[in-house]
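Engineer: Structure for the following, please:
(one chain, ligands or ions: 1)
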Amino acid sequence: MIITKKVLRNVSLTAHPLGCRQYVQDQIDWVKQAKDGRYQTSDNLMLPKRVLVLGGSTGYGLSSRIVAAFAGKADTINVSFEREPSETKTATPGWYNTVAFEAEAKRAGLKAESIYGDAFSDATKEKTGNLIKELLGQVDLVIYSLASPLRTDPKTGITYRSVLKPIGKAFTALSVDMDSDQVKLATIEPAEGTQVEETVKVMGGEDWSLWIDYLLKENLLAPHAMTVAYSYIGPKITYPVYHEGTIGAAKDHLEASAALLTGKLEGIQGKAFVSVNKALVTRASSVIPVVPLYMALLYKVMKEKNLHEHCTQQIYRLFTDRLYANKPIETDEKGRIRVDDWEMRSDIQQEVEKRWALQKEGEVLKMGDLEGVREEYEHIHGFGFPSIDYEKDIDPRII
Ligand code: NAI
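Structural biologist: Next up is the predicted model:
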C-alpha cells in the first residue's frame, strides 16, 4: 500500500515503517557521535548496563533506550502498548521504532527485547519480571516514561481516564491552528466531577510504585539501582492548563512518589528521581491545547541561541551530566533533576513572553518556528524524510 499521512484532531492515524526506521537511525547516529560541543562524551562514565524502559517505544522513553544502548552499551527491555501492522493497516510508530531499534541494537551485540502489553496490568509486570530473570538477571535502571489516556486499576478493575484541563475555572488563551498557522483563542473548560482524581490515578505515581514494589519483591533490582520518572513544569503562561491543572496534580503525586520510593530502595542503596524535561513534540504533548503555540515560539528562540535539543539530546544530558556524571546528582530544592534548565533560562523565557505578546487572534503566527514543530510531528510518525520515497507501494508489515 502507499502509506500517506492521516491526521485526525492532532492525532496521526498512520505511520511510515521506513520513516520510523530513519527516525531511530538518526537518533542512534547522533548518540554515537554526541559531540557537538554542548555535551560531555560518555567514554569515561559508568553508565548502567541493564535497563528497563516502561514506555520505551516513542518520545522520551525511546530516547532513554537509545542513549542507554548506544552511549552506555546497555542491554535493554522495553514495555509499551502497540498496534501491530496488517496487510492493509500500518502499525503504531512505537512498533516500527522498536523493530528498528532492536535490529540495530542486536547488530551492535546488545540484548534488546520488548513486551507489548498494558504496563498497568499485573500480567505485564509478571511477564516483564520473567523476561528480566531470563535475559538480564537484574536491572540497574528503570525508566518510567508512560503517557496514557487511561488506566485500569489492577486491584479493582476500575478504568480511570486522564484529562488535560484547568482546575477550578475555565482557561482562555491564545493557541495556534496547525493547519492554517492562524492564531486563535482557545477556551478549555475546567475539570468536572472526579476528573482530577482520575488523572492522578492514570498519570501520577501509583503505577510507578507498583512496578518498583514488584521488582523489589522479585529481587530484580541490582544494588544501587535507580529509577527515574519524567515530568514537566513549563512557563507561567501554560500553568492553568498544565502545572496547575489536572496533569500538574498528577505530576505532584509522581514527585511525592519519588521520595517514598527512595525510602523503599534504601535496602539496596537505590534511589528514585523525577526528572523535569523540556517541552518537546511527542505523541503525548501535541494534543495539549495552547502548548503548540508555546512550543513554536520556544523552538525558534532556543534554536537562535543554539540551545534547542530533541528528546535524545535531553536524555543524553540527563544520563551523562546528571544521573551518571562523576559528581553528586544535582537537584532543585524539591529533589527534582532539571534538564529543563535551558528552556527555563530567564533570557529564553523573556524572549518567548515578548513574542507571545505580539500574537494577534486571526493573524498567522509571528516569529515562531511552526515549521520546526510540524516537521518534528511528521518525523515522529515517519513522515517528512527526504531520503524516503513516499509514493512507493510497500507492505506495512515489512520494515
Ligand atoms: P509518548 O506518547 O511519546 O510516549 C508514551 C509511551 O508510553 C509510549 O511508548 C507508549 O507506547 C507507552 N504507553 C502508553 N500507554 C501504555 C500502556 N498502557 N502500557 C504500556 N505502554 C504504554 O510520550 P512522551 O511525551 O515521551 O511522555 C513520556 C513522559 O515524559 C510522560 O510522563 C510525560 O509527561 C513526560 N514529559 C513529556 C514532555 C513533552 O514535552 N513531551 C516534557 C516533559 C516530560
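
Engineer: what are the bridge partners for residue 80, then?
Structural biologist: residue 116 (DSSP bridges).

Engineer: show me what contacts it?
Structural biologist: Counting by Cβ atoms under 8 Å, 6 or more residues apart in numbering, residue 80 touches 55-58, 61, 94, 98, 114, 116, 119. From N, CA and C alone the C-beta is placed, and that goes for glycine too.

Engineer: Also near the ligand: which of these, exactly?
Structural biologist: Among those, the residues that sit close to the ligand (Cβ under 6 Å from any ligand atom) are 55-58, 61, 94, 119.

Engineer: Max pairwise distance over the residues you listed: which two?
Structural biologist: Greatest spacing in the ones next to the ligand among the contacts of residue 80, by Cβ to Cβ: 58 and 119 (13.5 Å).

Engineer: The protein against the ligand: which residues are in contact?
Structural biologist: So far as Cβ under 6 Å from any ligand atom goes, the chain lies against the ligand at 55-61, 79-81, 94, 118-120, 145-148, 230-232, 277, 279-280, 282-285.

Engineer: Out of the residues you listed, list just those in helices.
Structural biologist: Mapping these onto helices (DSSP state H) picks out 59-61, 94.

Engineer: what's the spacing between residue 100 and the ligand?
Structural biologist: Using Cβ to the nearest ligand atom, to the nearest Å, we find residue 100 at a distance of 14 Å from the ligand.

Engineer: Each with direction, which strands does the lowest-mean-pLDDT helix or strand in the chain pair with?
Structural biologist: When the helices and strands of the chain are scored by mean pLDDT, DSSP states H and E, strand 7-8 comes last with a mean of 81. Using DSSP bridges, the strands paired with strand 7-8 are strand 11-12 (antiparallel).

Engineer: show me where the stretch 151-300 of the chain has helices.
Structural biologist: With helices called from DSSP state H, counting those that start in this stretch, the stretch 151-300 of the chain shows them at 195-203, 206-217, 246-264, 291-304.

Engineer: er, the stretch 1-150 of the chain I mean
Structural biologist: According to DSSP H, counting those that start in this stretch, the stretch 1-150 of the chain carries its helices in the segments 17-33, 59-72, 93-107, 122-135.

Engineer: for the residue lying closest to residue 251 once chain neighbours are set aside, what are its contacts?
Structural biologist: In space, and not counting its chain neighbours, residue 251 is closest to residue 231: 4.7 Å by Cβ to Cβ, 6 or more residues apart in numbering. Residue 231 makes contact with 251, 254-255, 274-277, 336, according to Cβ under 8 Å, 6+ apart.

Engineer: Next, give me the two most distant ones among those.
Structural biologist: Using Cβ to Cβ, the two most remote members of the contacts of residue 231 are 255 and 277, lying 13.6 Å apart.

Engineer: So which residue is dead centre in the chain?
Structural biologist: residue 60 (3.0 Å; Cα atoms, centre = their mean).

Engineer: what about it, distance to residue 322?
Structural biologist: According to Cβ to Cβ, to the nearest Å, residue 60 and residue 322 sit 14 Å apart.

Engineer: go on, residue 387?
Structural biologist: For residue 387, the distance to residue 322 under the criterion Cβ to Cβ works out to 34 Å.

Engineer: Of those two, which one has the most company?
Structural biologist: Ranked by neighbour count (other Cβ atoms under 10 Å), residue 387 and residue 322 place residue 322 first, with 18 against 9.

Engineer: Find the nearest non-adjacent residue to that one, please.
Structural biologist: Using Cβ to Cβ, 6+ apart and skipping the chain neighbours, the partner closest in space to residue 322 is residue 337 (5.1 Å).

Engineer: and the one you found, bridged to which residues?
Structural biologist: With beta bridges defined as DSSP bridges, residue 337 has these partners: residue 275.

Engineer: so who does it touch?
Structural biologist: Residues near residue 337 by Cβ under 8 Å, 6+ apart: 228, 273-276, 318, 322-323, 329-331.

Engineer: Next one: residue 45, what pLDDT does it get?
Structural biologist: Predicted confidence (pLDDT) for residue 45: 88.

Engineer: What's the local residue count around it?
Structural biologist: Other residues near residue 45 number 16, with proximity taken as other Cβ under 10 Å.

Engineer: One more: residue 239?
Structural biologist: For residue 239, the neighbour count with other Cβ under 10 Å is 15.

Engineer: cool, residue 354 as well?
Structural biologist: Per other Cβ under 10 Å, the neighbour tally for residue 354 reads 12.

Engineer: I figured residue 251 was touching residue 232, is that so?
Structural biologist: Yes: the pair residue 251 / residue 232 is scored as a contact, 7.0 Å apart, by Cβ atoms under 8 Å.

Engineer: can you list residues touching both of the two?
Structural biologist: Joint contacts of residue 251 and residue 232 (Cβ under 8 Å, 6+ apart) are residue 243.
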